[in-house]
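Engineer: how would this look folded up:
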Amino acid sequence: MSEVKVLHRSDVPCLDILAYREKGDASGQVERARHALEKFGFLVLERSPIDPELVKRCYAIGKEFFSLPLDKKLEIDHRSVDQKAFGDVGYYPYLTETAMNHAQADLKEFIHLGPLIDSAHPMSAHYPLNPWPSVPAEFRPLFETLFRQLTECAHLVLRLVGTVAGMDVGALDNVVLDGKHVLRMLHYPAVEERRAAQGAMRAAPHTGINMIGLQLPASHPGLQFCTPAGEWVVLDSELQDYTTVNIGEILAMIKGGGLRPTLHQVVNPQTGADAASRWAVVFFFVPNPLKTLSVHEETSGNRRSVLAGDLLLERFRKIGTRVARTDS
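Structural biologist: As a prediction, the model looks like this:
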């Protein structure tokens, strides 16, 4: 791999999503976002509705969960959950997920939390209820609050990106209404030398099937982005304290040119303190799977109508996070 360029605060137009929430296009954030997407292909959020103190508390509680014995974590194993038609919630053990077109499974374990619905919600016929850990006791209330803040932030960012791309923002709002959003809390254990030597990574290069993805500041470095020019970049220590946004495949497919899915990866640490465990939180802002989308096919250059849920299920099966149903 070629040398990775380090980006500093003076290089990147950081965004203030709170200003955008208050003033909209008049906030000056649209042009900043346009410049960031054209040059880097991702966004950096300097301010957002996400409470940094809440994030710290969630990390602490998340670490407690991942420190539990495996049998305790498996009490909410994703394979024991009725995932309904479109679910992917619960605990995913180490080496569960494999990036598209990569031979080795990613060196991580994680927990997925889906939409905060109850059995009376119309989407409960399609989404499972979240299987919450019994311990730590604070897990559910903290992560429910974080889920709501991430949802608000993602919605604002989607509207901002849609404005930059000249898209119908109202139509985008409709696509994500009651969407199958996912909060993912990850634990990357200390890297096994044997697996690393075989080419395994904490997260091999990939793009997301979602509309947008939010990456909260992680406990350790490792996250890298590939720019539209094909250059791998990493944020310096100051910028790593900010939330970043990657563009997802479905949003790019709806646009049909002018937006590129953000290729990104989490590299293995070298030596020293960074070789220890790494914790991270990612939020996937996902369409409602029942919505019919008009998407651009890159291979043919044509547009076609497709159910969002079909796109989602195809990807889940390819990366190993969803077992194909045998009753449908």
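Engineer: which residue sits closest to P289, ignoring its sequence neighbours?
Structural biologist: G309 (2.9 Å; C-beta to C-beta, 6 or more residues apart in numbering). To be clear about C-beta, it is placed using only N, CA and C from the backbone, and glycine gets the same treatment.
Engineer: Could you do D241 as well?
Structural biologist: Ranked by C-beta to C-beta, 6+ apart and with sequence neighbours excluded, the top spatial neighbour of D241 is P217, at 5.1 Å.
Engineer: Give me the pLDDT for V157.
Structural biologist: At V157, the model reports a pLDDT of 98.
Engineer: about what we covered before: give the helix, strand or coil label for the residue nearest to D241.
Structural biologist: Assigned with DSSP: H, G, I helix; E, B strand; the rest coil, P217 falls in the coil class.
Engineer: Could you pull up the residues touching it?
Structural biologist: Under the criterion of C-beta atoms under 8 Å, 6 or more residues apart in numbering, the neighbours of P217 are 55, 240-243.
Engineer: Between all of those residues, which two are separated the most?
Structural biologist: Farthest pair in the contacts of P217 (C-beta to C-beta) is V55 and Q240. Separation: 13.2 Å.
Engineer: So, low pLDDT: which residues of the stretch 101-250 of the chain?
Structural biologist: By pLDDT under 70, the stretch 101-250 of the chain has no low-scoring segment.
Engineer: show me where it has strands.
Structural biologist: 109-113, 182-188, 203-206, 212-215, 223-226, 232-235, 243-247 (DSSP state E, counting those that start in this stretch).
Engineer: could you check the angle strand 109-113 makes with the second one?
Structural biologist: An angle of 160 degrees separates the directions of strand 182-188 and strand 109-113 when computed by axes from the mean of the first three to the mean of the last three C-alpha atoms, to 10 degrees.
Engineer: The last one now?
Structural biologist: Our comparison of strand 243-247 with strand 109-113, counting by the same axes, to 10 degrees, yields an angle of 80 degrees.
Engineer: Give the pairing partners of strand 243-247; include direction for each.
Structural biologist: strand 42-47 (antiparallel), strand 212-215 (antiparallel) (DSSP bridges).
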